[in-house]
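K.L.:
Take a look and give me a structure for this.
(4 chains)
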Number of protein chains: 2
Amino acid sequence: MKSAAPTSKQEFLEQWHDVLAPYALGYRIKFLAQLASRRFQEKLEPFGLTPFHWVVLCCLWAEDGLPTSTICGKLQQVGGTLTGVLDRMEERNLIRRERDTQDRRIWRIWLTEEGNRLKEVLPAIARDLIEQSWGEIPEADRQHFSRTLDQIIANIT
Amino acid sequence: MKSAAPTSKQEFLEQWHDVLAPYALGYRIKFLAQLASRRFQEKLEPFGLTPFHWVVLCCLWAEDGLPTSTICGKLQQVGGTLTGVLDRMEERNLIRRERDTQDRRIWRIWLTEEGNRLKEVLPAIARDLIEQSWGEIPEADRQHFSRTLDQIIANIT
DNA sequence: CTCATATACTACGTGTACGAAATAAAAGAG
DNA sequence: CTCTTTTATTTCGTACACGTAGTATATGAG
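P.N.:
Purely as a prediction, here's the structure:
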């Protein structure tokens, strides 16, 4: 029981199709999310970053100085989760917190120079991983999958 | 910044398609997994269960008395994660740990009476959630999505 | 039998995630 | 201008999730 357990991916998929039908969809999606996160984590490790850091950086690259609540909204994450992530990002010198001058309840998040520089390196890494995930799947199927994904999200929201 | 933040689901999806293309696929999948987990958690709360308890129970309903490592394999989870989950399931009187008589390294997991009884109630709840997730999506699209999902998992494994 | 190696599981430290409660500042009622 | 209510964020407690290290037991070489 090292890390990845004995069951092969083939067996894994079969089992969750047949034996455990009620959870078939949910668990496979959760599993894919988890697997993708592991892969991405491996690639980010050399930079001392996590997948969560990456998405926060994405938000700030698009628009710097966002309030914490706006980032929460973009990522659809609970406030308490962000606090910890931002704490660690601040420690690692990726971002800087500054109080809004108009509304002192708001803390705005600003990229440091290092946070900004990563924009030159990370996107290529993310793109490669996505391309690997799609693999041989043709463009039409990718779009179809993507649309259905959005529809499921809408159904469950 | 209560719990779900101001950005609407419509805005959410648009943003992750356009603004953050590199992460578009990954983050939406992660988000769906998270969202589904929240919904399922809500439904399991009255029983004092979590989604993880559900999948472990699924494994044991199919075959009772499995070794911890086999459950790890079926769920494709790291051993350390299972230990904690099983600890809590034991405390909640869902399962019982027993040492294998042949190989004393192995701990076999057995359902308690309560763990067994839940088989009558929980599957319907899970099925409802899946059905809600699919919504109006026609059968052909469901299968198509499901196949592509497996393919992506295979590509990234 | 004895030692090295492999296997099954647990323990620990870190990083998400969640809901609920606490804190601080703004905004609105009177 | 006060008092209540709302909003932004943090804090806390619990539950995954991972990699690494540690412990106990089995297995194979000699």
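K.L.:
going forward, measure contacts and count neighbours with C-alpha atoms only.
P.N.:
OK.
K.L.:
Give me the residues contacting the longest helix seen in chain A.
P.N.:
The single longest helix within chain A, with elements called by DSSP state H, is helix A:24-44. Applying CA atoms under 8 Å, 6 or more residues apart in numbering or on different chains, the contact partners of helix A:24-44 are A:13, A:16-17, A:49-51, A:125-126, A:129, B:26, B:29-30, B:32-34, B:36, B:130, B:146, B:149-150, B:152-153, B:156-157.
K.L.:
Over to stretch A:147-157?
P.N.:
Under CA under 8 Å, 6+ apart, the answer for stretch A:147-157 is B:9, B:13, B:28-29, B:32, B:35-36, B:39, B:132-135, B:137, B:141, B:145.
K.L.:
And for stretch A:129-138?
P.N.:
Contacts of stretch A:129-138 (CA under 8 Å, 6+ apart): A:39-40, A:142, B:22-23, B:25-26, B:148, B:152-153, B:155-156.
K.L.:
of all those, which comes closest to DNA strand D?
P.N.:
Within the contacts of stretch A:129-138, the smallest distance to DNA strand D is 8.4 Å, found for A:Arg39 (CA to the nearest atom of the strand).
K.L.:
How confident was the prediction at that closest one?
P.N.:
On pLDDT, A:Arg39 comes in at 95.
K.L.:
Pull the number of nearby residues for it.
P.N.:
Taking other CA atoms under 10 Å in any protein chain shown as the criterion, the count of residues near A:Arg39 is 14.
K.L.:
Relative to B:Glu131, how far out is it?
P.N.:
30 Å (CA to CA, to the nearest Å).
K.L.:
which residues sit against stretch A:53-65?
P.N.:
Applying CA under 8 Å, 6+ apart, the contact partners of stretch A:53-65 are A:66, A:71, A:74-75, A:85, A:89, A:108-111, A:115-116, A:119, B:19-20, B:23.
K.L.:
pLDDT (mean, whole number) over it?
P.N.:
Mean predicted confidence for stretch A:53-65 is 95.
K.L.:
again, but for stretch A:82-100
P.N.:
For stretch A:82-100, the mean pLDDT works out to 97.
K.L.:
Restrict that stretch to CA atoms and write it as CSV.
P.N.:
Extracted C-alpha coordinates of stretch A:82-100, given in CSV (Å, rounded to 0.1, in the frame of the first residue of the first chain):
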residue,chain,number,x,y,z
LEU,A,82,-8.8,31.6,0.7
THR,A,83,-7.4,33.1,3.9
GLY,A,84,-5.1,30.2,4.5
VAL,A,85,-4.0,30.1,0.8
LEU,A,86,-3.3,33.8,0.8
ASP,A,87,-1.4,33.6,4.0
ARG,A,88,1.0,31.0,2.5
MET,A,89,1.2,32.9,-0.8
GLU,A,90,2.2,36.0,1.2
GLU,A,91,4.8,34.1,3.1
ARG,A,92,6.2,32.8,-0.2
ASN,A,93,6.4,36.3,-1.4
LEU,A,94,4.0,35.9,-4.3
ILE,A,95,1.5,38.5,-3.2
ARG,A,96,1.0,41.4,-0.9
ARG,A,97,-2.1,42.4,1.1
GLU,A,98,-3.1,46.0,1.3
ARG,A,99,-6.1,47.7,2.8
ASP,A,100,-8.5,49.5,0.5
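K.L.:
so which one among the contacts of stretch A:129-138 has the lowest pLDDT?
P.N.:
For these, the weakest pLDDT value sits at B:Pro22, with 51.
K.L.:
What pLDDT is listed against A:His144?
P.N.:
For A:His144, the model assigns a pLDDT of 95.
K.L.:
Secondary structure element for it, which one?
P.N.:
Assigned by DSSP states H and E, A:His144 belongs to helix A:139-156.
K.L.:
ok, that helix near DNA strand C or not?
P.N.:
No. Helix A:139-156 stays clear of DNA strand C (CA under 7 Å from any atom of the strand), getting no nearer than 13.3 Å.
K.L.:
Please compute how far that helix lies from its chain's middle.
P.N.:
What separates the centre of helix A:139-156 from the centre of its chain is 18 Å, taken as CA atoms, centre = their mean, to the nearest Å.
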